[in-house]
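A.B. asks: coordinates for the following, if possible.
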Amino acid sequence: MMTKPVRTALCLALLLATTQVSAATKGKTMQEILEASTAADWRTPDPDNLLVMDIAGGRVLIELAPQFAPEHVGNIKTLAREAYWNGLSINRSHDNFVVQWGDPAEDPAKAKSIGTAKAKLPAEFALNGFDKSAFHPVKDREGWSKQAGFMHGFPAATDRKQTWMTHCYGALGAGRGNEADSSNGTELYVVTGQSPRQLDRNITVVGRVLQGMEYLSVLPRGTGPLGFYEKPEQRTPIARIALASTLPENQRPQLEVFRTDTATFDELVESRRNRKDNWYLNKAGFIDLCNIPVPVRTKK
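C.D. replies: Just a heads-up that it's a prediction; the model follows:
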């Protein structure tokens, strides 16, 4: 039989353990995690991989992913340096799907010159193999692959034989025809709707929007087939698409992006998997890859 002092000590130990479990269960909200983050939790995008797109609504900033599609990214950089898209337009806004831009000319004889960019590129739908050291997995089940996660800061998936960037909201892809190698980066689109993961490994994904999605997602929906605009006046003119590295230093965007390969990021994912906000009465216990936010802020 336990003596009173032993029972008292045991009760105190149980109370302390319960309190610790309760605190661990409560965890932090995403905002609390961001406020507690350190400089090591953030990275600065390479200005030579940062596209600056100016349209009437505002500025869209897009990070390119040469690690996944080096040929396409190289061509896109050439096109941007030579001002290919300046004066062209956004020609398609497909409801709950994508916006797409490029040369609206249907007659090849009237198409804008692509300058020194390559007219033909290989398909770059996926990388061969699986680099475990670079892939930061998410533990949740994945319906489109064996495993989902982040690689080089971009949402990605793998079947261990191949690894690819995923079609999450904000993904930048290179439009193509029926032939796998029919894209050259002149026609680009951004996913503005529910993540169309069926496009994975069928189109070359070349980057992701960091800021300015609000300017693309609010564009009027096209009334033609597949959301294309039927009249020239419906299109949104592109004032400029340039690489940040080609802009004067004082005009370059100053951004920091939350790293996706740290314990702090894992904590952030958990805060979204099981929301700690007081409003949530039931925890989901799951998060889809495309619903994991990657915060972006103005560089301090």
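A.B. asks: show me what contacts the residue nearest the centre of the chain?
C.D. replies: With distances taken as C-alpha atoms, centre = their mean, Arg208 lies nearest the centre of the chain, 4.0 Å away. By C-beta atoms under 8 Å, 6 or more residues apart in numbering, Arg208 lies in contact with Ile62, Glu63, Ala65, Phe154, Pro155, Met165, Cys168, Gly170, Ala171, Leu172. From N, CA and C alone the C-beta is placed, and that goes for glycine too.
A.B. asks: just checking: what are the partner strands of the host helix or strand of Gly207?
C.D. replies: Mapping Gly207 onto the secondary structure by DSSP states H and E places it in strand 204-211. On the basis of DSSP bridges, the sheet neighbours of strand 204-211 come out as strand 58-64 (antiparallel), strand 171-174 (antiparallel).
A.B. asks: tell me the helix or strand right after it.
C.D. replies: Once the chain leaves strand 204-211, the next helix or strand it forms, by DSSP H and E, is helix 213-217.
A.B. asks: and after that following helix, which helix or strand comes next?
C.D. replies: For helix 213-217, the following helix or strand on the C-terminal side (DSSP H and E) is strand 236-243.
A.B. asks: run through who's touching that next one.
C.D. replies: In this structure, residues lying in contact with strand 236-243 by C-beta under 8 Å, 6+ apart are 47-48, 50-57, 77, 80-81, 83-90, 101, 219.
A.B. asks: one more: stretch 67-79?
C.D. replies: Contacts of stretch 67-79 from elsewhere in the structure, counted by C-beta under 8 Å, 6+ apart, are 48-49, 51, 64-66, 85, 114-118, 121-122, 124, 127, 151-152, 154, 156, 164-165, 174, 183-186, 188, 204-207, 243.
A.B. asks: which residue ranges of this protein form helices?
C.D. replies: Taking DSSP state H as the criterion, the chain carries its helices at 4-26, 30-36, 70-81, 213-217, 263-273.
A.B. asks: tell me the contacts of Val206?
C.D. replies: When contacts are counted by C-beta under 8 Å, 6+ apart, Val206 touches Leu64, Ala65, Phe68, Ala69, His72, Val73, Ile76, Leu172, Gly173, Ala174, Gly185, Leu188.
A.B. asks: returning to what we had before: turn the strands paired with strand 204-211 into a markdown table, including mean pLDDT and distance to Glu32.
C.D. replies: A markdown table is the format used below for those (pLDDT from 0 to 100; distance: least, C-beta to C-beta, whole Å):
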| stretch | mean pLDDT | distance to Glu32 |
| --- | --- | --- |
| strand 58-64 | 98 | 26 |
| strand 171-174 | 98 | 29 |
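A.B. asks: relative to Pro295, which of those is closest?
C.D. replies: The closest of these to Pro295 is strand 58-64. By C-beta to C-beta, the value is 13.6 Å.
A.B. asks: which positions in that closest one come out as buried?
C.D. replies: By neighbour count with 16 or more other C-beta atoms under 10 Å, strand 58-64 contains the buried residues Val60, Leu61, Ile62, Glu63, Leu64.
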